[in-house]
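S.K.: what's the 3D shape of this:
(one chain, ligands or ions: 1)
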Amino acid sequence: MSSPESPKLPVPADVDLSVRLGGLTLPNPVGTASGTFGKGLEFQPFYDVASLGFIVVKTITMEPRAGNPSPRLVETPGGMLNSIGLPNPGIEAYVRDTLPLLRTLGAPLVINIAGHDASEFARLAEILEKEEGIDALELNMSCPNVSGGMDYSTSADGARDVVSRVRDVTDRPLIAKLSPNVTDIRPIAAAAAEGGASAISAINTLLGMAVDWRHRRPVLGRGIGGLSGPCIKPVALRIVRDLWRTVDVPVIGIGGIQGVDDVMEYLLAGASAVQVGTANYYNPCVGKDILEALPRCIRELGASSVRELVGTLEDPR
Ligand SMILES: Cc1cc2nc3c(=O)[nH]c(=O)nc-3n(C[C@H](O)[C@H](O)[C@H](O)COP(=O)(O)O)c2cc1C
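M.R.: Modelled structure (predicted):
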């Protein structure tokens with residue numbers, strides 16, 4: 001649904017922006033990252049969010065959760081640390097109250113879920129199986145802000161287990177969202193793909209902390225948090241390139257995207273699609289800005305589709 005005020009984006013005639021993501025065809029590669037786009041409705045006054053390639057919602061869990069003690073956010077050079085946790089009303093209230101609103105947004109909808117263990121991930125997917133208007137599930141196997149949140153993306157066996165348990169209960173496209181807080185993400189991503197993941201999202205936030213030395217305390221209420229924003233882009237680009245080289249399923253690049261140049265860098269490094277996160281906080285029009293500029297950048301490289309650019313970065317001499 002677009003409000004009467006939200007401006008429509010021109011649809012480019014001569015550039016094919018569509019991408020395929022493990023059984024899912026998206027109108028374009030630009031999505032929003034979980035936890036950074038509210039319910040989507042908040043952004044509707046700024047532009048027609050139906051023009052986005054996809055919308056990923058804040059993580060939903062089985063039971064309601066309150067999230068972490070405040071302060072939960074602090075700015076850092078080139079980024080932001082958050083220890084929001086996973087506050088949400090729980091799956092039952094979510095399906096009843098929020099899902100109907102999300103269905104009106106008009107962009108492909110990705111519901112992001114997290115369980116305490118593999119069977120809870122599967123149970124959440126099972127509950128959502130009865131619901132229409134969901135285009136894919138993203139498994140948040142990588143939240144650094146809750147106890148045990150990264151358990152399923154720090155070992156290959158854990159990743160395979162949780163994805164395969166969810167795969168047993170749904171044919172929907174499954175996106176495994178992985179953590180950068182590991183020595184080598186490649187075997188973990190490969191195991192997620194073996195378990196049935198249709199795509200890999202990389203990356204979630206990097207563990208970090210901020211210190212208030214005058215009060216001899218960490219700034220965040222939980223002590224540690226997840227680092228996001230432009231400062232993590234080089235880490236994420238390196239990971240996307242590694243995954244493009246080694247994993248058979250498409251990669252969704254996430255981390256520090258704030259404009260079209262960043263998107264082009266991710267596509268060339270090997271991302272089939274991207275998610276924009278922290279930038280939504282300081283530029284609510286970032287999705288629109290990127291989509292307006294993307295066709296011109298694709299043409300600049302002599303291409304006429306997103307797909308022909310993915311992974312075409314040349315190797316260093
Ligand atoms: C305030 C905040 C809340 C977030 N909440 C979630 C969440 O609920 N689930 C999730 O999978 N990722 C969550 N993330 C991680 C983002 O989706 C994304 O992976 C990360 O921020 C890196 O992208 P960015 O640098 O563009 O923000 C959150 C990030 C931020 C900044």
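
S.K.: would you mind naming what in the stretch 151-300 of the chain lies close to the ligand?
M.R.: Contact residues (CB under 6 Å from any ligand atom) of the stretch 151-300 of the chain with the ligand: 177, 204-205, 228-229, 232, 254-257, 276-278. Backbone N, C-alpha and C define where each C-beta goes, glycine included.

S.K.: among the residues you listed, which two are most distant?
M.R.: With distances taken as CB to CB, the most widely separated pair in those is K177 and G229, at 17.4 Å.

S.K.: more crowded one of the two?
M.R.: K177 (29 against 24; other CB atoms under 10 Å).

S.K.: okay, and R296 sits in which element?
M.R.: Assignment of secondary structure by DSSP states H and E places R296 within helix 286-300.

S.K.: swap that for W244, sorry
M.R.: helix 233-246.

S.K.: check G196 too.
M.R.: G196 belongs to no helix or strand, assigned by DSSP H and E.

S.K.: what of I200?
M.R.: strand 199-202.

S.K.: again, but for G158
M.R.: helix 156-167.

S.K.: ok, V74 next?
M.R.: Applying DSSP H and E, one finds V74 within strand 73-76.

S.K.: what residues sit buried inside that strand?
M.R.: Judged by neighbour count (16 or more other CB atoms under 10 Å), strand 73-76 contains these buried residues: 74, 76.

S.K.: where along the stretch 1-150 of the chain do the helices fall?
M.R.: For the stretch 1-150 of the chain, the helices defined by DSSP state H, counting those that start in this stretch occupy 91-93, 99-102, 118-129.

S.K.: follow-up on the earlier one: so what's the gap between the strand holding I200 and the chain middle?
M.R.: Distance of strand 199-202 from the chain centroid (CA atoms, centre = their mean, to the nearest Å) equals 8 Å.

S.K.: same question for stretch 75-87.
M.R.: 15 Å.

S.K.: re earlier: flag every buried residue along the helix holding R296.
M.R.: 286-292, 294-295, 297-298.

S.K.: tell me which other helices or strands it touches.
M.R.: strand 30-32, helix 260-269, strand 271-276, helix 279-282 (3 or more CB pairs under 8 Å, 6 or more residues apart in numbering; DSSP states H and E).

S.K.: among these, which is nearest C143?
M.R.: strand 271-276 (15.1 Å).

S.K.: from the contact counts, what lies against the closest one?
M.R.: Contacts defined by 3+ CB pairs under 8 Å, 6+ apart place strand 271-276 against strand 19-21, strand 30-32, strand 199-202, strand 251-254, helix 260-269, helix 286-300.

S.K.: I'd like these as a markdown table, with mean pLDDT appended.
M.R.: Listed next are the helices and strands packed on strand 271-276 as a markdown table, based on pLDDT from 0 to 100:
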| stretch | mean pLDDT |
| --- | --- |
| strand 19-21 | 95 |
| strand 30-32 | 98 |
| strand 199-202 | 98 |
| strand 251-254 | 98 |
| helix 260-269 | 98 |
| helix 286-300 | 97 |
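
S.K.: got a markdown table for these, with distance to A159 too?
M.R.: As requested, the helices and strands packed on strand 271-276 are arranged in a markdown table below (distance: least, CB to CB, whole Å):
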| stretch | distance to A159 |
| --- | --- |
| strand 19-21 | 19 |
| strand 30-32 | 22 |
| strand 199-202 | 10 |
| strand 251-254 | 15 |
| helix 260-269 | 22 |
| helix 286-300 | 29 |
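
S.K.: mind checking which of those is nearest E314?
M.R.: helix 260-269 (8.9 Å).

S.K.: P250 contacts G270, doesn't it?
M.R.: No: applying CB atoms under 8 Å, one finds P250 not in contact with G270, separated by 9.0 Å.

S.K.: ok, L105 touching G40?
M.R.: Yes: using CB under 8 Å, L105 is in contact with G40, at 4.7 Å.

S.K.: ok, now which ones touch the residue lying closest to R167 once chain neighbours are set aside?
M.R.: In space, and not counting its chain neighbours, R167 is closest to G196: 3.1 Å by CB to CB, 6 or more residues apart in numbering. Contacts here follow CB atoms under 8 Å, 6 or more residues apart in numbering; on that basis G196 touches 163-164, 166-167, 174.
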